[in-house]
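>>> Just need the structure, nothing else, for what follows:
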Amino acid sequence: MTDATQSAATEGPVLVAFADCELIPISSTMMLVINRANGNQQVVAPQVIEGLKTCTNFDTVEAHAAHLASTRAELSGKEAMAANALDNLKSSGMLLEAGSICTRLAQPVSKQLAPTRVFVITCDRPAAVERLLDSILRAGQLSQHNALFLIDDSREPHNRAANREAVVQFNLRSPRDMFYIGEEAQAELIAGLTAKLPEHAEGIRFLLDRGMWEGKKTFGRSRTLSLLFSVGYRALVMDDDILCQAVLPPLTEQGIGIGSGGMRKAAFYENPEALLSSGATAGFDPLSGHASLLGSTLSTALHTLNNGPLQAQQLQHVNAALANVLKADAPVLVTQCGSLGDPGTGAHWVQQLDQDSVQRLISAPHGMRNAIENRLNWLGSARPNVFKMPFMSQLTGLDNSHLLPPYFPAYRGEDALFGAMLVAMHSQSVALEYPWSVPHLPLEARPTSIDTPIAGTAGGISLLARYLTEKIDYRDGTSAAHNLQAIAQDALRLAARSDADLVLDYRSGLARGHADQVHMLMARYGGAQQTPSQEWQAYLKRGVEEAQQALVTQHSPTDIQGLPADITEAALLQEFRNLATGFAAALEGWVEMREVASALVEEMIASRTIYPL
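Numbering: from 1, shown residues only. You can find the predicted model right below:
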């Protein structure tokens, strides 16, 4: 590292935090603390540790001391004493310094990026497909991508015919042909995989056979097909109801964000005209924008986004434990962007907004209720953000030159489970959200209401994602393939549990979620007392009451929304076991499916059997 880089990482006030330490109780008056970063150890009083546990974000010694003096009874009015104790801990190497993080992340690590393949995924929305394909043509730059695909999961034959014809017309004008992956191509892929891998036939059918999921919405199936058609490539996956345009955010922030807390901002618009004029068009198309850093190393991404090395002062208030697991050579496996229009969520996404966004919500001239329900919003990042746990945007980048997990083929929550599995497999990887958005403008009506329950009884996939997330070891150095098999074994272990244990697992997982929601909503309700909006205060108060009631209610898995009214608990638990066993079979064969699919797809492309005529 150059002297200039070293200086950039450490200039300004020293920022420290208490993080990455092993805590070993010795007695009621002594605790051994071992710093994992440098191996130093020290015996400290337990009450000191309790105070240090609130100093986990990077800040100055003076700021930490003021915090401790105002929150710890034994240090009340003794700010100088707290500062002296912190200085001693810093001198003995027991506190983590932000400058050391910046020094490590500034180490240059380059990587050759894989070519890109572009995917449009659709289900029974041919008008939206036609609009999107037209915007892709206007965006240009298509020759830079290795291949373009439309994956059609439509149920209605006339919609499949319309989508196929839309691709035919697209190819008449496009410098790069688009392949159509409809029923025939999907059947060909399934047959090829099954013939080559008969021992994994159950897992293949579970992931890819739509007949396994009659009557259910297969949100993840098309995304898994995208992964199988892009093995060894970087995949850019587009929802069918967006426009292929990159729009700059209506507000911007300097620097780069580390960690997902409060990273997304929101703005609210009264009509479509105001929405579409809110942000300037970017000087690039969104496919190129995603590809710019997808698959790069974290050191490359940080240096590019920050226009130079990260400086210690940029880590102020950042969670030190998160920052300390970041590595210069960590791959950016997922890229995301914001939404302009429909946020793609239910009504209650606003409960997690930062204070500035809340102020825009409650001061919206068309009223808070209409601002939430009209789905004319900007939801995105005002600056680039690097974080660990990816979710899904309407245009998502996936570096499929790495071993990525499949998506669960049906139900909601497939994005959360995919993110949890990806990080469980690649614990050192990161996700990146760009500070620009794509227009998300569904053609069909999507009514929503803030009167729906705030504390829902979610379950199933979202609880499994939470279960996996809580087990992630961010220092795990084992291979992604090994970790994938461990997830499969976890699914089998869950399937083998008794009815009573599964019900208790469900209730405890749901309760933890409701407890988190109570804590979050109470904090926001307390802060809302400083705002003039009684409507916002009433909304949060209702949320607190609902979440508290949900927390003390004895729930059954049959409470999950969308289930048949007459389903019994025993039948539902058996269905869960079937799903867990089927998904485990899919995960166990996934590595081989990818290898075989790669060859099959190249044959399909070379023979042009997937080229629409």
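>>> What residues of stretch 28-38 count as buried?
For stretch 28-38, the buried set under the neighbour-count rule, 16 or more other Cβ atoms under 10 Å, comprises M31, V33, N35, A37. Just so you know, the C-beta spots here come from the backbone N, C-alpha and C atoms, and that holds for glycine as well.
>>> In the sheet, which residues pair with the first one? Tell me.
Read it as M31. Beta-bridge partners recorded for M31 (DSSP bridges): P25, V44.
>>> could you list every residue that touches it?
Neighbouring residues of M31 by Cβ atoms under 8 Å, 6 or more residues apart in numbering: L23, I24, P25, V43, V44, A45, P46, I49.
>>> if I look at the third one, how far off is Q47?
Going back to what we said before, that points to P25. For P25, the distance to Q47 (Cβ to Cβ, to the nearest Å) stands at 13 Å.
>>> neighbour count winner among these two?
Shown here are P25 and Q47; by other Cβ atoms under 10 Å, Q47 has more neighbours (14 against 10).
>>> isn't the more buried one right next to L75, touching?
No. Judged on Cβ atoms under 8 Å, Q47 makes no contact with L75 at a distance of 9.7 Å.
>>> Can you give the domain ranges for this structure?
If you go by automatic domain parsing, the domain ranges for the chain are 3-105, 116-241+601-607.
>>> Please name the nearest non-neighbouring residue to E595.
Spatial nearest neighbour of E595, chain neighbours left out: V231 (7.6 Å); criterion: Cβ to Cβ, 6 or more residues apart in numbering.
>>> one step back: most tightly surrounded among the domains of the chain?
Neighbour counts (mean count of other Cβ atoms under 10 Å) averaged over each of these peak at domain 116-241+601-607, with a mean of 19.
>>> Where does the prediction get shaky in the stretch 251-400 of the chain?
Flagging of the stretch 251-400 of the chain using pLDDT under 70 yields the residue ranges 260-262.
>>> change it to 90
Along the stretch 251-400 of the chain, the model assigns pLDDT under 90 to residues 254-255, 259-263, 279, 283, 344-347, 352, 391-392.
>>> The stretch 401-550 of the chain now?
Across the stretch 401-550 of the chain, the ranges flagged by pLDDT under 90 are 411-413, 445-448, 455-467, 470-471, 473-477, 527, 529-532.
>>> Kindly recompute the last result at 70.
457-459.
>>> Could you check the pLDDT of A565?
Looking at A565, its pLDDT reads 85.
>>> Going along the chain, name the helices of the stretch 351-500 of the chain.
Secondary structure of the stretch 351-500 of the chain, counting by DSSP state H, counting those that start in this stretch: helices at 355-362, 368-373, 414-425, 461-471, 480-495, 499-528.
>>> contact partners of the fourth one?
If I follow you right, that is helix 461-471. By Cβ under 8 Å, 6+ apart, the residues outside helix 461-471 that reach it are 389, 408, 411-414, 416-417, 419-421, 423-424, 487, 490, 494, 506, 509-510, 512-513.
>>> swap the cut-off to 10 Å and go again
220, 388-389, 408, 410-421, 423-424, 456, 458, 486-487, 490-491, 494, 505-506, 508-510, 512-513, 516, 557, 560, 576, 579-580, 583 (Cβ atoms under 10 Å, 6 or more residues apart in numbering).
>>> Quick one: buried ones out of the residues you listed?
The neighbour count (16+ other Cβ under 10 Å) marks 220, 388-389, 408, 410-421, 423-424, 456, 458, 486-487, 490-491, 494, 506, 509-510, 513, 557, 560, 576, 579-580, 583 as buried among the contacts of helix 461-471.
>>> contacting residues for A323?
Per Cβ under 10 Å, 6+ apart, neighbours of A323: 17, 19-20, 57-58, 96, 98, 100-102, 104-105, 258-259, 310, 315, 386.
>>> Sorry, wrong one. I was asking about L75.
Taking Cβ under 10 Å, 6+ apart as the test, what L75 contacts is Q47, V48, G51, A65, H67, L68, A69, M81, A82, A85.
>>> which of those residues lies closest to M604?
Using Cβ to Cβ, the shortest approach to M604 within the contacts of L75 belongs to H67, at 60.6 Å.
>>> so which strand or helix has the closest one?
helix 61-71 (DSSP states H and E).
>>> Could you do F149 as well?
Element membership for F149 (DSSP H and E) is strand 147-152.
>>> for the lengthiest helix in the chain, which positions count as buried?
In the chain, with assignment by DSSP state H, the single longest helix is helix 569-607. For helix 569-607, a neighbour-count test (16+ other Cβ under 10 Å) marks 572-573, 576-577, 579-590, 592-594, 596-598, 600-601, 604-605 as buried.
>>> Having no further points to raise, I will conclude here.
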